[in-house]
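In: coords please:
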Amino acid sequence: MSDIFSGLNDVQKKAVQTGDGPILILAGAGSGKTTVLTRRIAHLIQEKNVSPFHILAVTFTNKAAGEMKERIGRFAGPEAHKIWVGTFHSIFGKILRREAERIGYSRNYSIYDGEDQLNLIKICLEFLNLSQEFYPANLMRSIIAKCKNKFQSPAEFTMVTGSPVEEKAAMVYVEYEKRLKQSNAFDFDDLIVKTAELFRHHPDVLAFYQDKFRYILVDEYQDTNHAQYQLIYMLASKYKNICVVGD
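Out: The predicted structure follows:
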């Protein structure tokens, strides 16, 4: 294994070694933020005897997640494979796969990609006799995604619509969610939203994952949206060992 502190400056070493509690690492692009995050994980395992099973590392792309795993392995050794490392969607999709039955889905649920979403929205528009010329499927998908990222249900959105387009989008949203459920399917936003729903309605499940992920590290934190922030907040609220890295 490589030396954890090799090539780090004094400020980076301090970030790696700082003790428990919430930590924000803020620096410019290319300044070694991800390096600090991966070395911090290795330091938790080697120097603080934290079990890899209690560490969660989150980033934004599969490529970045793969690189992070490789870097952690370089400094933490074979124990690195026991750490949950992945994107928001892969991590929370994994949790949903385990716990889907708690919120009325089976574990073999489908995940709809962008094309699947558009096709389903077009079916909803046709069912509701709404013209795609006036209510384009892409626009409807964008409005629904914004609602989900604010944890706004179809019923809640229906109550606050402010324009004819939003009124029709609310109708589409209702039908879209109904058909997703009938198909035992989630879209990508649901991997975040439904996990939050799971945690809110089942405190025992939240407590289990809080105890599992006692140390949480998030790369590219500046890119998190409201829904992602809320999920990380829920998970970290018990032990408060949250380290975020961002521009």
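In: where does Glu70 land on pLDDT?
Out: pLDDT for Glu70: 88.
In: Which secondary structure element of this protein has the lowest mean pLDDT?
Out: Sorted by mean pLDDT, DSSP states H and E, the helices and strands of the chain end with helix 62-76, the least confident at a mean of 86.
In: So for stretch 196-203, what gets flagged as buried?
Out: Judged by neighbour count using 16 or more other Cβ atoms under 10 Å, the buried positions of stretch 196-203 are 196-199. Yep, even glycine has a C-beta here, placed from its N, CA and C like the rest.
In: Go through the residues you listed and name the one nearest Arg107.
Out: Lowest distance from Arg107 to those (Cβ to Cβ) belongs to Leu198, with 12.9 Å.
In: correct me, but the closest one touches Val205?
Out: Yes: if you go by Cβ atoms under 8 Å, Leu198 and Val205 touch, sitting 5.9 Å apart.
In: what sits in contact with each of the two?
Out: 99, 102 (Cβ atoms under 8 Å, 6 or more residues apart in numbering).
In: Extract the residue ranges of the protein that are flagged as low pLDDT.
Out: 1-2 (pLDDT under 70).
In: quick one, what contacts the spatially most central residue of the chain?
Out: The residue lying closest to the centre of the chain (Cα atoms, centre = their mean) is Phe88, at 2.6 Å. For Phe88, the contacting residues are 58, 60, 191-192, 224, 228, 231, by Cβ under 8 Å, 6+ apart.
In: In helices only, show me the buried residues of stretch 196-203.
Out: The helices, defined by DSSP state H, take in 196-199 from the buried residues of stretch 196-203.
In: Serialize those residues to CSV and add fields for distance to Glu177.
Out: Formatted as CSV, these follow (distance: Cβ to Cβ, whole Å):
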residue, distance to Glu177
Ala196, 15
Glu197, 12
Leu198, 16
Phe199, 19
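In: Identify, from these, the entry nearest to Phe157.
Out: Glu197 (15.6 Å).
In: For Ala100, see how far away that closest one is.
Out: 11 Å (Cβ to Cβ, to the nearest Å).
In: Give the buried residues for stretch 12-25.
Out: Using 16+ other Cβ under 10 Å as the test for burial, stretch 12-25 gives 12, 15-16, 25.
In: Next: stretch 37-48.
Out: With burial defined by 16+ other Cβ under 10 Å, the residues of stretch 37-48 counted as buried are 37-45.
In: Output that stretch as PDB, nothing but the C-alphas.
Out: Extracted C-alpha coordinates of stretch 37-48, given in PDB (Å, rounded to 0.1, in the frame of the first residue of the first chain):
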ATOM      1  CA  LEU A  37     -11.200  12.500   0.100                       C
ATOM      2  CA  THR A  38      -9.800   9.100  -0.900                       C
ATOM      3  CA  ARG A  39      -6.800   9.500   1.400                       C
ATOM      4  CA  ARG A  40      -9.200  10.500   4.200                       C
ATOM      5  CA  ILE A  41     -11.000   7.200   3.700                       C
ATOM      6  CA  ALA A  42      -7.700   5.300   3.900                       C
ATOM      7  CA  HIS A  43      -6.800   7.200   7.000                       C
ATOM      8  CA  LEU A  44     -10.200   6.300   8.600                       C
ATOM      9  CA  ILE A  45      -9.500   2.600   8.000                       C
ATOM     10  CA  GLN A  46      -5.800   2.400   8.800                       C
ATOM     11  CA  GLU A  47      -5.400   5.000  11.600                       C
ATOM     12  CA  LYS A  48      -8.800   5.200  13.200                       C
END
